[in-house]
Each structure stands twice: as structure tokens, then as C-alpha cells.
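A.B. asks: everything below, folded, please.
(chains A and B)
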Number of protein chains: 2
Amino acid sequence: MFSYNQLFNFTESVFLSMGCPEEDARLATEALLAADLRGVDSHGIARLIGYVRLWDAGRVNPKPEVRIIHETPSTATVDGDSGLGLVVAPKAMDIAIQKAQVAGSGWISVKNSNHFGIAGYHAMRALPHDMVGWAMTNASPLVAPTNSLDRLLGTNPIAIAIPASEEPDFIMDMATTTAANGKLEVLQRKKQRAPLGWVQTKEGKDSTDPEELKAGGAMLPLGGESASYKGYALGSVVDIFSAVLSGANYGPWVPPFVSFLPLPENPVGEGIGHFLGAMRVDGFRPADEFKAHMDNWIRTFRNSKAKPGEQVLIPGDPERLTSEQRMKEGIYLLDPVIKDLEELAKKFSLTF
Amino acid sequence: MFSYNQLFNFTESVFLSMGCPEEDARLATEALLAADLRGVDSHGIARLIGYVRLWDAGRVNPKPEVRIIHETPSTATVDGDSGLGLVVAPKAMDIAIQKAQVAGSGWISVKNSNHFGIAGYHAMRALPHDMVGWAMTNASPLVAPTNSLDRLLGTNPIAIAIPASEEPDFIMDMATTTAANGKLEVLQRKKQRAPLGWVQTKEGKDSTDPEELKAGGAMLPLGGESASYKGYALGSVVDIFSAVLSGANYGPWVPPFVSFLPLPENPVGEGIGHFLGAMRVDGFRPADEFKAHMDNWIRTFRNSKAKPGEQVLIPGDPERLTSEQRMKEGIYLLDPVIKDLEELAKKFSLTF
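C.D. replies: Below is the predicted model of the structure:
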């Protein structure tokens, strides 16, 4: 078990060693560890070494100049200058928030970025401003569209954060596939089968083998047999908003997160793309009124009649409870992750 | 078989007979019949008698004054004045488009409205302006949240329309349930079973009986057994944006479409709610550049390797093909629908 502060200090020192300015190192650390706190272990400190390898491969600029290259009062395209998505996305989100302060809402499409950790973190930056936050990103192509054998989409998450008053905020953060890639990785580690509807074989047949991707198979869009076209459409919207709007790479051209895979040939844009949004709730009705009704909405749903032995949850409940627990009790890391962190400590002459 | 023009003239004359001004009657007719053209038979002329019954029950104002009651440069709340959703939603969408022309994007939450037909029609109004269009609405509560036995959400659709250049536009229009209610109605008429994952019994057990709702059962959110919490979250976002932002009724308080059911007690808002949005694509990059990349995106996905005997489709393809065919060959109506239309003809002394 490691305390949040322990992991924070170490992670920050790794980003500093990569050459990130202090403010950026702090931001990247907060964004990355939000995943470990919220229980999305696949997207947190376990990936730190992956970011360092991208930097080693010259694919991450530690001192990006994140700048607006096109804008209207409520929209903008931001060039991430090959920075860490963990830095570029929060900065773009802050531009969305500033635009919302003036124009009521702000919508930012980002190009030339890298993986940004969990979408929920970026969406939640809007909450203290009494705004609804949005965050999406495209990602390494692992998912086959309905009826296709080709991997053309990432797990392309959508996060939406909505402020409440006395109740905890409403936070949706979901991959547009049946299961996030991290859940497959867990099954791979435990040598367990996957439920039907998660992956298909190279030939497009249903499979329960979580290793199917290594054999040319693909992940499947949210919706299952009769409705995967819905997950496919949602994942496509994320790809288009993140990359076709901004000028990043889309579809099969999205650069892979792992540095040992080659970059796709003939790129159609720069880096990967994100889409971030902020809407002032008092752009619609007084914030107190809105938040009081959100409390009522949340209580109504939470207190509805549950199936025997089950509980009706509000989006964000499980992650918030995990976060509170881990802040108190610490964060458990798997041995291979600890090994990676020791390797990083050695590489940068740090103590872990 | 009936020609589109035949159905248009009759439907328009029904709305005129209800007292709608000419412009509104035309708008409502176009919005309603967009469903019949696009193959969403459950939401088109088959529901005309339902709208008339709501008017008979005093729940529809045929001469609404649709007006902005709160706004910023890129957001607004619109009061639909109890009008037909078929009239209120396009007018609100046009406000979103006007705001986008000035501020880059426009986002409208609507209260005090009624059912608006298919979401896709409203989103598509943005396309001729080179804008991305969004449309959502809440609806009669039929859907149980994950782990709940209570019906708290409607099928709450999300539509997003994205313009292309030479390729047909990308149009997603999906209920946030596994299956739209119209698909259940088709199974009910044909006395067929539903796939697992569509409905549950009153006790929360999986069921294949499409009549389950009449026995206190519920429809299920998109995602199936392992991921219904995602459809639940999406449907919740639609409910909150449509109604908590605007001041309409949400959750179990949404008034039912059928006029013979009583209105819920202690309403938390006015009427039902919609959420409409428009984003100028040139708020992000030049429109020609964007649309050329959309063409490339669409071709890449459409031409990907398909499963044997299958075809990879782009969201909107099936509805567009149906629309082209029905415009040419006419629209087939079921006998009960024809009977309803004859009843309306008699009621208003019209010829059908």
C-alpha cells in the first residue's frame, strides 16, 4: 500500500525529470493519479512508464506551448504541441471554462496531443465553477465497427460531470465499448474468460478469450448483439469531435499509446485529439435552483426500489467511494507496476 | 401505399383544424412525417391521433408563443408554452443555429413542451448551415435504472448530425435503451418474443415478453447485463439536460404521451424537456477542410473489411436509403393507422 502523497511526489519527480515545467508536472501528476484514486487502475500510475517511453521515443514534448489556433466566442481549436495529454487536456479545459464564463459555454477540440488519462478528471474541472463539464478523447484503434473486421476506433470515452448541491456531483465516465480495455487487461492477468459481447476473433466471431486482440481480433462497441451500432455511433462521434474537428489523426491513423508499435503511415492529422466542453448552469437557470433540483433528481433515483440485494447507484458513486477509501487507506499497486516504478527511479536517479 | 404529398396534405390539414397557424402546421407536419420517411414508423403519422387526443385533453396549446426566458450569448432556456414538441423543438433549434452564427455554438434547453417526434429531424436542421446539430428529449418513464425496479427514465434519444461534403451526412439517432419502444410495439403486434436485455419483469428478472410493461415491468438501458449502467448514465444525462437545466419535469414526473393516463402528481417542472445544440464546424477549422476529412472518415469506415455477407454502414445510412425509397414508392400504413386517420378525417370533416 502506498499513500497518495507518496505516489504524488514520486510521479511529479518523474515528470520533472522528463523536463516538464513545475506547474505542468503538478498538473500531469494530479490528472494521472486521479485514475488510481478513482479505481481506474489501468489508466493511472501503471501507465507512467508508458508515458516515459513515449518521451524516450521523441513522441512527447515536455515543454509544450499549448495554444489556440482558431476560435469564436464559444469554440476553439487548440494545438497541444505534442505535449502530454495529461497537461494539454486540463489547459484546454480551462480555456473552455474561460470561454463559458464570457459566452455561456466553451467547446474546445484539441489536436497534436497524447493520451490524457481518465476523461472524468478533465470533465470534473468544470464543477467548482458551477458548470457542466464534458471530456472525450480518441485513442489507439482496437475496436471494430458493427459488421467490420477492422480495428478503426479506440475505446473513445465520454465523461460528463454535473454539479449538485448537498448530494455528491453526477459524474459519468464511460468507454463507448462494452468494456474498457483495462477490464480486459484484468482478465488477461487473472487468466479468466471474458463475457460474450466484449471481443471478436479475427474472423468476426464472438469470443470469450481476453487475449483475442493479440491474434488480430477486436473489441466490440457498447450495445451487444442487437445494439452495437449504437456504441459504434457514439465512438464515432467521439473520434470526429476529437480529431476531424481539430485536425488530429482519426480512425486507423490514431498513433498507438505503446511506443514499440510503429506510427501509422500517411497520417491524416497531428497526434491524437480530445474534445472538451463547459456549460455554465446559470446559462440556463439560476445555479442554486438547478443544483437543488439535481439533489432531488439524485435522491429520487438513489431511493428508487432496488432489486433484492442490489443498490441503485448514481453515476460517479463507485469511483467517489473508492477515492475516499484510497485517500484514507492508501493505494495498492501490483508487483509489475512497482517493478516499473523502480526502473523509473533508477533511470532518473530518484528514490522510490 | 400513400404518397408523401398525400400524407403531408392530410396531416397539415389536421394540424390546421387543431388551430395551429399555417407556418406551425407546416413545420409540425414536416417534423412528424420525417419519421415515416426515415422508417421510424412508430413516431410518425401513427401518432397523429395521439397528438390530437392531447389537444382534446387540453394538454397542447395550438398557438404557442415560443420564447427565450433566460440566455447568454451561446445558451438559452426556451419556454415552449405547452405547444406541440413538433413545433417548439424546430423553433428552439433555429435559436441554437442563430446563436451559433454569432457565438460559434448555441445550446438550448426547452421546458413546457410535448413530444417532438424523432430527434434526428431536429439535429438535421443544422446541416445546411455547415453546423453539427444535436437533439435530445426526455420522454414518458418506461425504463428502469440499473438495479432498480422503478420506471424513472424515458427511452431518451440522442441525435447528432454531422455534415460531410460528397458523402451523405453522418446522422446518429438512437434511444439510450437497448431497443426503442417502437421495436417493442412491432413485436407486440407480431406476437413475437423480444431478445434478452430489452425488458425486465416487475420483479426485475430478465424477460422475453414484449408485453412485460403492461404487467409493471420496465425497459432496460443500452448495454446489456454487464454494461447497462452506461445506457442508464446516458439516459440520465438526456433527462438532466432536457429538464433539470430548463425547468421541465424529469424522471418519474415526465407527463405520459398517452392522454388517458393521469398526469403525475406534484410536478417538479412544466411539460417535458428537450435539449438542442448547434456548433459551427468553422468554429474549429475551415468548413471545406472539415467536410473533406469527413468524406475521408466515412469512406474509410464504409470500405473497411466486412464480415462475410455483411456491410459496414455509416450512422444514418439505413434511414437515408429508406427515405429515398419511400419518397419514390410511397409509404405503407398499417390498417389500424388508416382507421385512426379516417377517424380524424371524420372528426374534422376532412377527406382522407
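A.B. asks: who touches the helix or strand of chain A with the lowest mean pLDDT?
C.D. replies: When the helices and strands of chain A are scored by mean pLDDT, DSSP states H and E, helix A:181-190 comes last with a mean of 84. The contact list for helix A:181-190 (CB atoms under 8 Å, 6 or more residues apart in numbering or on different chains) reads A:40-43, A:142, A:155, A:175, A:193-194, A:198-199, A:210-211, A:213, A:219, A:334. Bear in mind the C-beta positions are built from the backbone N, C-alpha and C, glycine included.
A.B. asks: switch the cut-off to 10 Å
C.D. replies: Outside helix A:181-190, the residues that touch it by CB atoms under 10 Å, 6 or more residues apart in numbering or on different chains are A:35, A:40-44, A:46-47, A:118, A:139-140, A:142-143, A:154-155, A:175, A:177, A:179-180, A:192-195, A:198-199, A:208-214, A:219, A:257, A:334, A:336, B:226.
A.B. asks: now for the residue nearest to residue A:180 when sequence neighbours are not counted: which residues touch it?
C.D. replies: Nearest residue to residue A:180 in three dimensions, chain neighbours excluded: residue A:155, at 5.7 Å (CB to CB, 6 or more residues apart in numbering or on different chains). Neighbour list for residue A:155: A:137-143, A:174-184, A:219, A:221-222, A:235, A:238 [criterion: CB under 10 Å, 6+ apart].
A.B. asks: apart from its chain neighbours, what residue comes closest to the residue in the stretch 101-250 of chain A positioned nearest to chain B?
C.D. replies: In the stretch 101-250 of chain A, the residue that lies nearest chain B is residue A:104 (2.8 Å; CB to the nearest CB). Nearest non-adjacent residue to residue A:104, counting by CB to CB, 6+ apart: residue B:72, 2.8 Å away.
A.B. asks: same check on residue A:244?
C.D. replies: Nearest non-adjacent residue to residue A:244, counting by CB to CB, 6+ apart: residue B:293, 4.9 Å away.
A.B. asks: in which helix or strand would I find the one you found?
C.D. replies: helix B:287-302 (DSSP states H and E).
A.B. asks: helices of the stretch 1-150 of chain A, residue ranges please.
C.D. replies: A:4-17, A:22-37, A:48-56, A:85-103, A:119-124 (DSSP state H, counting those that start in this stretch).
A.B. asks: returning to that earlier point: PyMOL command to pick out the buried ones of the contacts of helix A:181-190?
C.D. replies: PyMOL command restricting the contacts of helix A:181-190 to the buried ones, with burial defined by 16 or more other CB atoms under 10 Å in any protein chain shown:
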select buried, (chain A and resi 35+40+41+43+44+46+47+118+139+140+142+143+154+155+175+177+179+180+194+195+198+199+209+210+212+213+219+257) or (chain B and resi 226)
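A.B. asks: now, which of the contacts of helix A:181-190 lie within strands?
C.D. replies: A:199, A:219 (DSSP state E).
A.B. asks: quick check: closest non-adjacent residue to residue A:323.
C.D. replies: Using CB to CB, 6+ apart, the nearest residue to residue A:323 is residue A:37, at 4.4 Å.
A.B. asks: with residue A:20 instead?
C.D. replies: Residue A:20 sits nearest to residue A:62 (CB to CB, 6+ apart), 4.8 Å away.
A.B. asks: quick one, phi psi at that neighbour?
C.D. replies: Main-chain dihedrals, residue A:62, degrees, to the nearest 10: phi -70, psi -10.
A.B. asks: how about residue A:345?
C.D. replies: Per degrees, to the nearest 10, the backbone of residue A:345 is at phi -60, psi -40.
A.B. asks: from chain B, how far off is it?
C.D. replies: 38 Å (CB to the nearest CB, to the nearest Å).
A.B. asks: now do the contacts for that residue.
C.D. replies: Counting by CB under 10 Å, 6+ apart, residue A:345 makes contact with A:10, A:13, A:14, A:17, A:351, A:352.
A.B. asks: can you check residue A:49 too?
C.D. replies: A:14, A:56, A:259, A:337, A:339, A:340, A:341, A:343, A:344, A:347.
A.B. asks: where does residue A:228 land in three-state SS?
C.D. replies: helix (DSSP: H, G, I helix; E, B strand; the rest coil).
A.B. asks: I figured it hits residue A:221, correct?
C.D. replies: Yes. Judged on CB atoms under 10 Å, residue A:228 makes contact with residue A:221 at a distance of 4.6 Å.
A.B. asks: and residue A:344, what does it touch?
C.D. replies: By CB under 10 Å, 6+ apart, the neighbours of residue A:344 are A:10, A:11, A:13, A:14, A:17, A:45, A:48, A:49, A:52, A:350, A:352.
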